[in-house]
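Enquirer: no sequence on this one, just coordinates:
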DNA sequence: GATGAATGAGCCTTCATTCAT
DNA sequence: GATGAATGAAGGCTCATTCAT
């Protein structure tokens, strides 16, 4: 079929898709193996348990997300460029995720973690911290550019992640057309700069 | 033990606590019954299935939340008063919920819905809509008071719910002292009025 | 409601109907109580268990059947009259039972006994023995009247019960009209007297 | 242990035995698995549910019965030969079934169908129809051989199945010796030909 | 005597995991 | 390394029976 490295990745991606679409408990190993085109027992050659597989899926998703966001903002040098790139790619990822998983447009459980799975939780919290750091860097750049002054950029960065995420979700939840969505992205940036004006 | 009405409520509250603490799948009927101090079969005298019980818990939580928020803002007549009341009570509810359930302070899954439980999902989406409406009313009051002008209050109201929620969560996640938390609440309102400034 | 004696009978008849319609396991005490218009606990005032209730229902059915058959043949003095009365009343009982219970016309399980319920089984076997004795008396009368001679009337009596029962069932299974059914009753008696002829 | 085909059959036979001995409701999957020498979950590898397993057992029993009866009468060319072969094999099957299942000799519930299991009921009714057809073929052969004349062979065939079945049951219920049983078989055929003589 | 709320034993079924091939 | 048949723990749910009122 493929080399060891590749088969592991196939399982990981199949699992990522099914976990995203159906959640942890509603996804079973048989389905994952079937979706990956391999035998049930083979999953256990690469992952020691369903829990571990889930952890690896979380890691995989986080890595993919961070890599993409970081790459996307790399080629911009200024505040606005970086911020827009961040917003656009985050929105795209939300969109792709929803399309790929056929996720109910209204489903707010994108980042659901099975209770008690502490390790996955820690990974996600750490990842959020890293994302917020990226945002903070952008905001500090904006401040250096004189767009605004604030001694609370750390707080605002944290908040901004939720604001952006909600803005991206809104597009799909409310089936906004591109123009309206762009308007909302502007409103989001505006809010940073001068509040609800 | 108690009258019929009361026992239903006892089950509901035990279930609410366990579902919140451990999630739907990790909570079993035996645990709920045990926690409610009753026999397993008794749960089925009041709720026809685990799913139905879950739905009722969601309804119960929503009702409790909305009633409390609505009551709390009722006695204020102006923008700032209502907004602060909303913020304070939402924060308190988050705090109480976390204390009551012994929820891992880092747990972001407060509003997790088991996959496929469409009815619970709808309830939650409707509830969010109602909360956002409450926020919108407050923002419109602020606008009437001349605090700001905007033709996008609807969008900002939606966003504000996440901003506030995150602000409330931060207090417990980062174990902020009261002073710092109050500072962040101020920053939140400030952001509305004049952006990151 | 009624005197003790009467309430017992109400339960018995409700149970008889439900057991006949749905079988032992598919009938529960709640349904019986409801159908009898009393509380669930009250059933246990009159019958010590579901099993005992079932036994009593079997006794009740047997008694009713035997009484009716015996009464019906009493007023006839000769072979043919008694035999026809027996056939007609047995058929009527089968029919009534089916109507009363809304029994699937194709259901062959009229006399189903829950496995392991030895006492009910014994009652039914004893009852069959009594019915066969009634048939034997009639056949012996026929022999005394010179209709046929046989040293094996005991065997034939036993067989005759099944033959008659099947003949009665056929009417409902195949939805035979009255004329055809009467023809088959004639064929049944004929067979006794001169075989398939 | 055995190949897939064989294990399915082992489960089927264990289930057939237990269902026959104890009935549907008094037989649980754990017992079947234990009796088949396998784990409980394994049953569900071969049958999707207890109901399906029951249906398959009914099919299995019918198939076995029909095959055997058809084979046994095949090598006889004349009425009496075929009829006796039918009678003998039916009796043997009743006997074996009773021995194999340790069935209470008095148990009349051989063909009991759990209420509401419509599919099993249909299978059994169809099977009876096929058996009666076999009997009809034999009787028509007898008529062609001039043993008797009748325009109601269809009715008599239907009746004959019950007559024969009762004759076979009598042997075991009343613990008849071989001679008496043979006498009764003769009486049965005689009855066809010339009635209770 | 009458009631029905409470109970828990028992059963079907699922599914993560193992292991012989 | 790959497989999937086999397993049994675990959980939702039913219902006969009890007992306090």
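Expert: All right, it came through fine. For clarity, every value in this text was computed on a predicted model and none was experimentally measured.
Enquirer: now the residue nearest to the spatial centre of chain A. Nearest residue, chain neighbours left out?
Expert: Chain A has residue A:65 as the residue nearest its centroid, 5.4 Å off, counting by Cα atoms, centre = their mean. Once flanking residues are discounted, residue A:65 sits nearest to residue A:93: 6.2 Å by Cβ to Cβ, 6 or more residues apart in numbering or on different chains. (Each C-beta comes from the backbone N, C-alpha and C, glycine too.)
Enquirer: so that neighbour touches residue A:66, yeah?
Expert: No - using Cβ atoms under 8 Å, residue A:93 is not in contact with residue A:66; the gap is 10.7 Å.
Enquirer: for these two, indicate the residue with more neighbours.
Expert: Ranked by neighbour count (other Cβ atoms under 10 Å in any protein chain shown), residue A:93 and residue A:66 place residue A:93 first, with 17 against 14.
Enquirer: now that one: which helix or strand?
Expert: helix A:79-101 (DSSP states H and E).
Enquirer: and that helix, what's buried?
Expert: Residues of helix A:79-101 classed as buried by neighbour count (16 or more other Cβ atoms under 10 Å in any protein chain shown): A:79, A:82-87, A:89-91, A:93-94, A:97-98, A:101.
Enquirer: tell me the domain ranges of chain A?
Expert: Annotated domains of chain A cover A:1-47, A:51-194 [automatic domain parsing].
Enquirer: of all those, which lies closest to DNA strand F?
Expert: domain A:1-47 (1.9 Å; Cβ to the nearest atom of the strand).
Enquirer: can you list the residues of chain A near DNA strand F?
Expert: Taking Cβ under 7 Å from any atom of the strand as the contact definition, chain A meets DNA strand F at A:1, A:4, A:7, A:38, A:39, A:40, A:41, A:42, A:44, A:45.
Enquirer: would you mark the buried spots in stretch A:65-79?
Expert: The neighbour-count check on stretch A:65-79 (16+ other Cβ under 10 Å) flags A:65, A:69, A:72, A:73, A:76, A:79 as buried.
Enquirer: try stretch A:168-188
Expert: Buried positions in stretch A:168-188, judged by neighbour count with 16+ other Cβ under 10 Å: A:168, A:169, A:170, A:171, A:172, A:173, A:181, A:184, A:185, A:187, A:188.
Enquirer: near chain B at all, that stretch?
Expert: Yes - interface with chain B: stretch A:168-188 contributes A:170, A:183, A:184, A:187, A:188 (Cβ under 8 Å from any Cβ of the partner chain).
Enquirer: ends of that stretch, what's the gap?
Expert: When the termini of stretch A:168-188 are compared using Cα to Cα, to the nearest Å, they are 11 Å apart.
Enquirer: how far is that stretch from where the chain is centred?
Expert: Here the centre of mass of C-alpha atoms in stretch A:168-188, compared against the chain's by Cα atoms, centre = their mean, to the nearest Å, lies 18 Å away.
Enquirer: equivalent analysis for stretch A:133-142, please.
Expert: 18 Å.
Enquirer: tell me which residues are up against that stretch.
Expert: When contacts are defined by Cβ atoms under 8 Å, 6 or more residues apart in numbering or on different chains, stretch A:133-142 is touched by residues A:69-70, A:73, A:78-80, A:82-83, A:86, A:148, A:153-154, A:156-157, A:160-161, A:192, B:196.
Enquirer: hey, which helix or strand in chain A has the poorest pLDDT?
Expert: Ranking every helix and strand in chain A by mean pLDDT, DSSP states H and E puts helix A:79-101 at the bottom, with a mean of 84.
Enquirer: show me what counts as buried in whichever strand or helix holds residue A:132.
Expert: Assessed by DSSP H and E, residue A:132 sits inside helix A:118-144. By neighbour count on 16+ other Cβ under 10 Å, the buried set for helix A:118-144 is A:120-121, A:123-124, A:127-128, A:131-132, A:134-136, A:138-139, A:141-142.
Enquirer: cool, stretch A:52-62 as well?
Expert: By neighbour count on 16+ other Cβ under 10 Å, the buried set for stretch A:52-62 is A:53, A:54, A:55, A:56, A:57, A:58, A:61, A:62.
Enquirer: out of everything not next to it in sequence, what's closest to residue A:189?
Expert: Once flanking residues are discounted, residue A:189 sits nearest to residue A:83: 6.5 Å by Cβ to Cβ, 6+ apart.
Enquirer: thought residue A:121 was touching residue A:54, still the case?
Expert: No - applying Cβ under 8 Å, one finds residue A:54 not in contact with residue A:121, separated by 11.3 Å.
Enquirer: of the buried residues of stretch A:52-62, which is the nearest to residue C:49?
Expert: Distance to residue C:49, by Cβ to Cβ, is smallest for residue A:54 among these, at 50.0 Å.
Enquirer: which SS state does the closest one fall under?
Expert: Here residue A:54 is recorded as helix under DSSP: H, G, I helix; E, B strand; the rest coil.
Enquirer: residue A:153 and residue A:143 touch, don't they?
Expert: Yes - the pair residue A:153 / residue A:143 is scored as a contact, 6.7 Å apart, by Cβ under 8 Å.
Enquirer: low-scoring stretches of chain A, by residue?
Expert: Residues of chain A meeting the criterion pLDDT under 70: A:1-5, A:98-112, A:116, A:195-197.
Enquirer: related to what we said a few turns ago, residue contacts, the residue nearest to the centre of chain A?
Expert: Applying Cβ under 8 Å, 6+ apart, we find residue A:65 in contact with A:93, A:127, A:131.
Enquirer: go on, residue A:75?
Expert: Counting by Cβ under 8 Å, 6+ apart, residue A:75 touches residue A:85.
Enquirer: could you measure from residue A:81 over to DNA strand E?
Expert: Distance of residue A:81 to DNA strand E, given as Cβ to the nearest atom of the strand, to the nearest Å: 45 Å.
Enquirer: distance of that residue relative to residue A:142?
Expert: Computed as Cβ to Cβ, to the nearest Å, the residue A:81 to residue A:142 distance reads 11 Å.
Enquirer: repeat that for residue A:20.
Expert: In this view, residue A:20 and residue A:142 are 33 Å apart by Cβ to Cβ.
Enquirer: show me the contacts for the residue nearest to residue A:130 when sequence neighbours are not counted.
Expert: Spatial nearest neighbour of residue A:130, excluding adjacent residues (Cβ to Cβ, 6+ apart): residue A:66 at 6.2 Å. Residue A:66 is in contact with A:127, A:130, A:131, counting by Cβ under 8 Å, 6+ apart.
Enquirer: hmm, the first one is touching residue A:59, no?
Expert: So the one you mean is residue A:127. No - between residue A:127 and residue A:59 there is no contact under Cβ under 8 Å: 9.0 Å.
Enquirer: anything in contact with each of the two?
Expert: Joint contacts of residue A:127 and residue A:59 (Cβ under 8 Å, 6+ apart) do not exist.
Enquirer: just how off-centre is the one helix or strand residue A:31 maps to within its chain?
Expert: Using DSSP H and E, residue A:31 sits in helix A:29-36. A distance of 24 Å separates the centroid of the chain from that of helix A:29-36, by Cα atoms, centre = their mean.
Enquirer: show me the contact partners of it.
Expert: A:7, A:10-11, A:13-15, A:17-18, A:39-40, A:42-43, A:50, A:53.
Enquirer: same thing but 7 Å
Expert: By Cβ atoms under 7 Å, 6 or more residues apart in numbering or on different chains, the residues outside helix A:29-36 that reach it are A:10, A:11, A:14, A:15, A:18, A:39, A:40, A:42, A:43, A:50.
Enquirer: buried residues, it. List them.
Expert: A:29, A:32, A:33, A:35, A:36.
Enquirer: between those residues, which is nearest DNA strand E?
Expert: For the buried residues of helix A:29-36, the nearest to DNA strand E is residue A:29 (3.7 Å; Cβ to the nearest atom of the strand).
Enquirer: what's the distance between the closest one and residue D:46?
Expert: Residue A:29 is 20 Å from residue D:46, where distance means Cβ to Cβ.
Enquirer: assign residue A:27 to helix, strand or coil.
Expert: Following three-state DSSP, we place residue A:27 in the coil state.
Enquirer: now do the contacts for it.
Expert: Going by Cβ under 7 Å, 6+ apart, residue A:27 touches A:18, A:19.
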